[in-house]
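J.: need a 3D model of the following:
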Amino acid sequence: MRALLPLLSVVRGWRVGAAARPPRRVMSLYLTEERGLPHSEDYRLFFRSASVSRLEHMGLFNWQTSCSCNAPESVAGHYISAFHDIPLKVDSPKNLFNMVVEIPRWTNAKMEISTEEPMNPIKQDVKSGKLRFIPNIFPHKGYIWNYGAFPQTWEDPYQKDKNTNCTGDNDPVDVCEIGSKVLSRGDVIQVKILGTLALIDQGATDWKIITINVNDPEAEKFHDIDDVKKFKPGYLEATLNWFRLYKVPDGKPENKFAFNGEFKNKAFAIEVVNNSHECWKAMLMKKCDHGAISCTNVHVCDSPFRCSPEEARSLIESVPAPSMSKEVSKEEERWHFLD
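T.: The predicted model follows:
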């Protein structure tokens, strides 16, 4: 008889449990709302938690409080921060983590969680007054993995990383998901951590965590970084080369790496992520300098930056209405051939 695997997902202080539900159901705990048009400077993708009725329809009931400052009606159906309100860890014993997908594989627009805007929507990065697109460097079309970030992590720019002796890059930890499916912007998926690469970007540590979607058809084959070498030969080499060269078409030098570009294993990567989670906790509890980062959140208990769902809605409604004008870019069609 097929085993029944329980789903247990934590939504900042409230537990949502459902027996015999596959882990992919956790994706439905978060909804997205687009404002403006893609490839425009005012495009934003906001996040909401699913409504109570939707959760009940999914069979995700059995609410149990572990945080007195929240109630079921305040957890579900409201705007949330993609950076702060989506939990990092899904299932601690099995080391499953939530990944927020910012950039689907084979696309070029440099989308990212906006760390400085209230409620931290996803938007397209702008450099020198222009929307940013990652170049196609033959033979690769755009990003070669589903790319995103771990919520509730922060690479502290005021603290040196003990492994690289460089400060952090002031962003959530970056994630490369190597599964077979092309995901969608705004997906929140469960991943297994396999290893990490330490990019040094303008003197700052910029970890790239290698993961695989727990629901990928081949996920059971992947447990550590050596499994990537075994079952996807050439992928890690392509990953290193991609990060080394992706800024060269813009006239910048090749990127550098700690550890001579060596990929570190699962245990090392999990320690990196856990350390960045502790840095995030210190920031959200106002125990360190957070600079220009918006720490506004809805579900982080005891955080001095916590706001009500009504205040979160007001913050989002105060964002200027998008112009609906779309910038047409040829950057996604241009190819670069490098020696």
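J.: which helix or strand contains Asn275?
T.: helix 266-284 (DSSP states H and E).
J.: check the gap between Arg44 and Pro304 for me.
T.: 25 Å (Cβ to Cβ, to the nearest Å). Bear in mind the C-beta positions are built from the backbone N, C-alpha and C, glycine included.
J.: those two - which one has more neighbours?
T.: Arg44 (19 against 9; other Cβ atoms under 10 Å).
J.: thought that one was touching Met119?
T.: No. Look at Arg44 against Met119 with Cβ atoms under 8 Å: they stay out of range, at 9.3 Å.
J.: ok, longest strand in the protein?
T.: Criterion DSSP state E: the longest strand present in the chain is strand 188-201.
J.: any buried residues in that strand, and which?
T.: 188-200 (16 or more other Cβ atoms under 10 Å).
J.: just give me the closest of these to Glu331.
T.: Leu199 (22.0 Å; Cβ to Cβ).
J.: what are the bridge partners for the closest one, then?
T.: Asp206, Phe257 (DSSP bridges).
J.: tell me where the protein has helices.
T.: 52-58, 72-75, 225-231, 235-245, 266-284, 309-317 (DSSP state H).
J.: one step back: which other helices and strands contact the longest strand of the chain?
T.: strand 96-103, strand 174-177, strand 204-213, helix 225-231, helix 235-245, strand 256-257, helix 266-284 (3 or more Cβ pairs under 8 Å, 6 or more residues apart in numbering; DSSP states H and E).
J.: and it, how far out from the chain middle?
T.: Centre-to-centre, strand 188-201 and its host chain are 10 Å apart (Cα atoms, centre = their mean, to the nearest Å).
J.: and for stretch 165-173?
T.: 15 Å.
J.: same thing with stretch 106-124?
T.: With Cα atoms, centre = their mean, you get 10 Å for stretch 106-124.
J.: tabulate the CA atom coordinates of that stretch in CSV.
T.: Extracted in CSV, the C-alpha atoms of stretch 106-124 (Å, rounded to 0.1, in the frame of the first residue of the first chain):
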residue,chain,number,x,y,z
TRP,A,106,15.6,30.5,-20.3
THR,A,107,14.3,34.0,-19.7
ASN,A,108,16.4,37.2,-19.6
ALA,A,109,14.7,39.9,-17.6
LYS,A,110,16.6,40.4,-14.3
MET,A,111,13.7,40.2,-11.9
GLU,A,112,14.3,40.3,-8.1
ILE,A,113,12.6,40.8,-4.8
SER,A,114,12.6,44.5,-4.2
THR,A,115,14.3,44.7,-0.8
GLU,A,116,13.8,48.5,-0.3
GLU,A,117,10.1,48.7,-1.2
PRO,A,118,7.3,48.1,1.4
MET,A,119,6.0,44.5,1.2
ASN,A,120,9.0,43.6,-1.0
PRO,A,121,7.3,42.8,-4.4
ILE,A,122,9.2,41.3,-7.3
LYS,A,123,10.2,43.9,-9.9
GLN,A,124,12.7,44.2,-12.8
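J.: rewinding a little: between the helices of the chain, which gets nearest to Phe133?
T.: Here helix 235-245 is closest among those (Cβ to Cβ), at 14.9 Å.
J.: which other residues reach the closest one?
T.: 137, 140, 144-145, 176, 178, 197, 199, 208, 210, 225, 228-229, 254-255, 257, 261, 263, 338 (Cβ atoms under 8 Å, 6 or more residues apart in numbering).
J.: try it again at 10 Å.
T.: Taking contacts as Cβ atoms under 10 Å, 6 or more residues apart in numbering, the residues outside helix 235-245 that touch it are 134-135, 137, 139-140, 143-145, 174, 176, 178, 194-195, 197, 199, 201, 206, 208, 210, 225-226, 228-229, 232, 234, 254-257, 261-263, 336, 338.
J.: equivalent analysis for stretch 126-133, please.
T.: Applying Cβ under 10 Å, 6+ apart, the set of residues contacting stretch 126-133 is 38-41, 43, 107-112, 123-125, 142, 250, 327, 329-332, 334.
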